[in-house]
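Student: I'd like to go over a predicted model; first the sequence, then the structure.
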Amino acid sequence: MSNVKIVIAGPRGRMGREAVGLVMNTEEFELVAVLDHKNEGKLLSEIEGFHNCDVPIYSNIEACFQDVQVDVLIDLTTPEFGMHHARTALQYGVRPVVGTTGFSKDDLIELENLCQEKELGCIIAPNFALGAVLMMKFSQMAGKYFNHVEIIELHHDQKLDAPSGTAVKTAEMIAEVREKVEQGHPNEKETIDGARGANFEGMHIHSVRLPGLIAHQQVMFGSEGQTLTIRHDSYNRGSFMSGVKLAVDTVMKIDTFVYGLENIME
Ligand SMILES: NC(=O)c1ccc[n+]([C@@H]2O[C@H](COP(=O)([O-])OP(=O)(O)OC[C@H]3O[C@@H](n4cnc5c(N)ncnc54)[C@H](O)[C@@H]3O)[C@@H](O)[C@H]2O)c1
Ligand SMILES: O=C(O)C1=N[C@H](C(=O)O)CCC1
């Protein structure tokens, strides 16, 4: 079987760098180009920290897909560019694996429709850490029995989107099974705006941003006389790479849209 030919968007970023390492060190993967809004026309090997990566840097995604044969795009950029990249990839017959968070519901619907039309696989993964995916699944199990839930997500202070993609996905998964209830006292009032966090179908999501953190989430359930806390911590970005590998392997075998690794973890 031939190698999976991969383009990474956002190679100089915190996640992008880690993903370049993964692709370079995986026998059946081949890095064929990268997308960056800087350094167009250079080789990635000319950029500090990428000495062995003799692949071209493109700023224009269309030019990249016209010049280079690509199977999979791994996107680790920003919601705005991630959406543009995923859409363009599908239009060029390239399968997107997207870790970028902050997509809207409409964005997801558009990509799902495009996948169907093109009969191509596409994986959107709010969290590639397999432990985080299990934390979401366990939270969904608990949500069936406990309908009072507070989600506390904690990330580094350079994160652009809040709440995190993981927190939104967790709330969506719990909402599928949870008996709907508006939490807290019916007359509760915020004396400082935002004190109760974001409200997702009556559940509250709190976003903490601090230097020193990477990616963490705690889902707390409460009922008469008891609480249950389910927590996951990523201590480095290597924690996400086994999920990136799983997503790339899987996207080559499917022709459907997948939102969340829980749908492909056996
Ligand atoms: N799914 C997951 O498991 C997971 C894990 C970590 C981060 N993330 C998400 O991945 C994204 C990236 O996170 P990060 O911490 O690496 O951020 P980062 O800011 O370190 O990296 C983003 C990179 O994208 C590049 N970029 C911006 N616009 C671009 C464009 N038009 N073309 C190409 N590159 C462009 C930037 O130069 C930067 O290098 C965020 O949305 C974050 O929430 C997801
Ligand atoms: O570092 C980030 O940014 C992360 N974002 C993801 C999210 O929004 O859920 C998950 C992991 C790290």
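Tutor: Yep, it's here. Ligands and ions are numbered 1, 2, ... in the order given.

Student: switch to C-alpha atoms for all contacts and neighbour counts from now on
Tutor: Will do.

Student: and the protein, which of its residues are near ligand 2?
Tutor: Counting by CA under 6 Å from any ligand atom, the residues of the chain close to ligand 2 are 101, 126, 127, 159, 164, 165, 166, 215.

Student: what number of residues lie near the residue lying closest to the first one once chain neighbours are set aside?
Tutor: Residue nearest to residue 101 in three dimensions, not counting chain neighbours: residue 165, with 5.2 Å by CA to CA, 6 or more residues apart in numbering. A count of neighbours around residue 165, defined by other CA atoms under 10 Å, yields 19.

Student: if I look at residue 165, how far off is residue 217?
Tutor: Noted for residue 165: a distance of 11 Å to residue 217, by CA to CA, to the nearest Å.

Student: And for residue 84?
Tutor: Per CA to CA, residue 84 is found 28 Å from residue 217.

Student: who has more neighbours, the two?
Tutor: residue 217 (25 against 13).

Student: What does the pLDDT read for residue 85?
Tutor: Note for residue 85: predicted pLDDT of 98.

Student: again with the one 10 residues further on
Tutor: Model confidence at residue 95, expressed as pLDDT, equals 98.

Student: who's the closest residue to it other than its chain neighbours bridged to?
Tutor: Excluding the flanking residues, the one nearest residue 95 by CA to CA, 6+ apart is residue 72, at 4.7 Å. Taking DSSP bridges, one finds residue 6, residue 95 as the beta-bridge partners of residue 72.

Student: Now do the contacts for residue 72.
Tutor: By CA atoms under 8 Å, 6 or more residues apart in numbering, residue 72 lies in contact with 4, 5, 6, 7, 94, 95, 96, 97, 248, 252.

Student: Go again with 10 Å.
Tutor: Contacts for residue 72 (CA atoms under 10 Å, 6 or more residues apart in numbering) come out as 4-8, 29, 31, 89-90, 93-97, 121-122, 248-249, 251-252.

Student: Among those, which ones are in helices?
Tutor: 89, 90, 248, 249, 251 (DSSP state H).

Student: what about the stretch 151-266 of the chain, any weak spots by pLDDT?
Tutor: Within the stretch 151-266 of the chain, not a single segment meets pLDDT under 70.

Student: So which bits of it are right by ligand 1?
Tutor: So the stretch 151-266 of the chain meets ligand 1 at residue 240 (CA under 6 Å from any ligand atom).

Student: For the residue of the stretch 151-266 of the chain found nearest ligand 1, the count of nearby residues, please.
Tutor: For the stretch 151-266 of the chain and ligand 1, the shortest gap (CA to the nearest ligand atom) falls at residue 240, measuring 5.4 Å. Residues contacting residue 240 under the criterion other CA under 10 Å number 20.

Student: ok, stretch 4-24 near ligand 1 or not?
Tutor: Yes: on the criterion CA under 6 Å from any ligand atom, stretch 4-24 is in touch with ligand 1 at 9, 10, 11, 12, 13, 14, 15, 16.

Student: ugh, wrong one, stretch 122-139
Tutor: Yes: Stretch 122-139 lies within reach of ligand 1 by CA under 6 Å from any ligand atom, at 125, 126, 127, 128, 129.

Student: could you dump those to a markdown table with pLDDT, secondary structure and neighbour count?
Tutor: Listed next are the residues of stretch 122-139 next to ligand 1 as a markdown table, based on pLDDT from 0 to 100; DSSP: H, G, I helix; E, B strand; the rest coil; neighbours: other CA atoms under 10 Å:
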| residue | pLDDT | secondary structure | neighbour count |
| --- | --- | --- | --- |
| 125 | 98 | coil | 24 |
| 126 | 98 | coil | 24 |
| 127 | 98 | coil | 26 |
| 128 | 98 | coil | 25 |
| 129 | 98 | coil | 23 |
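
Student: now, among those, which is nearest to residue 193?
Tutor: When those are ranked by distance to residue 193 (CA to CA), residue 126 comes first, at 27.3 Å.

Student: Good, wrapping up.
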